[in-house]
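*Asks:* Requesting a structural model of the entry that follows:
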Amino acid sequence: MDGKREACLAALANLSVTERRVLDDTAAQISARYQSGRTLLVSLGALAILIGAGFALAITRSITGPIGAAVQVAEAVSRGDLTSAIRVDSFDETGKLMSALKTMNDNLVDITTTTTAAPAWPHGDDWRGASAAQAGRHRQGQVGRVLSSSSPSNGNDFTRSRGRMQGRTKGRT
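*Replies:* Numbering: from 1, shown residues only. Sure, this is the predicted structure:
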């Protein structure tokens with residue numbers, strides 16, 4: 001019986017070694033799949049972040065580009081440059097802003113053209129005897145006539161701002 005017992009124990013030991021090897025191989029496969037899945041998940045997460053950042057950059061540029069162009073037009077108008085070529089390329093909010101700036105610029109061009117056609121300085125082209133304040137008041141009067149005749153309101157807004165402007169220049173005459 002000892003021979004059979006020893007054969008059974010040897011077979012059990014051999015089975016145990018084989019099972020241990022199978023378990024170790026399975027654990028190695030599970031670990032490799034875990035590492036592969038983890039690498040894939042981290043890579044896809046990083047790719048999603050990069051794609052999101054790309055979309056965020058594109059959206060930001062699609063907003064700031066037209067707004068920047070509108071700011072350039074407004075700065076040009078504030079410097080007195082009414083020769084800007086204003087293009088309206090879209091129909092969204094920034095396109096509406098550019099359209100409003102274009103209308104404003106065109107109206108300012110019309111106003112300055114009308115102002116230039118307004119009655120001249122009573123002394124012709126001779127500005128030598130005029131003080132800067134006199135010339136300024138004459139120009140303000142011309143602009144006031146143009147604005148009050150072209151504005152649908154009764155001109156009160158312009159009259160108030162004109163009064164403020166004259167109040168600032170009274171001490172300078």
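*Asks:* any idea of the pLDDT on residue 173?
*Replies:* Residue 173 carries a pLDDT value of 42.
*Asks:* Revised request: answer the last question for residue 91.
*Replies:* 89.
*Asks:* For it, which three-state class applies?
*Replies:* coil (DSSP: H, G, I helix; E, B strand; the rest coil).
*Asks:* Next one: it from residue 41, what distance?
*Replies:* Computed as CB to CB, to the nearest Å, the residue 91 to residue 41 distance reads 42 Å. C-beta: built from backbone N, CA, C; applies to glycine.
*Asks:* Now residue 66: closest residue in space, sequence neighbours ignored.
*Replies:* Spatial nearest neighbour of residue 66, excluding adjacent residues (CB to CB, 6 or more residues apart in numbering): residue 94 at 3.7 Å.
*Asks:* Can you report how many residues lie near the one you found?
*Replies:* Residue 94 has 20 neighbours, counted by other CB atoms under 10 Å.
*Asks:* and it, how far is that from residue 71?
*Replies:* When residue 94 is compared with residue 71 (using CB to CB), they lie 11 Å apart.
*Asks:* same question, residue 95
*Replies:* Distance from residue 95 to residue 71, by CB to CB: 15 Å.
*Asks:* neighbour-wise, which of the two wins?
*Replies:* Taking neighbours as other CB under 10 Å, residue 95 and residue 71 compare with residue 95 leading, 15 against 12.
*Asks:* My read is that the more buried one contacts residue 66, right?
*Replies:* Yes. Assessed by CB atoms under 8 Å, residue 95 is found in contact with residue 66 at 7.3 Å.
*Asks:* what is in contact with these two at once?
*Replies:* Counting by CB atoms under 8 Å, 6 or more residues apart in numbering, the residues touching both residue 95 and residue 66 are residue 89.
*Asks:* before we move on, back to that, list the contacts of the residue nearest to residue 66.
*Replies:* Residue 94 touches 63, 66, 67, 70, counting by CB under 8 Å, 6+ apart.
*Asks:* next one: residue 73
*Replies:* 84, 86, 98, 101, 105.
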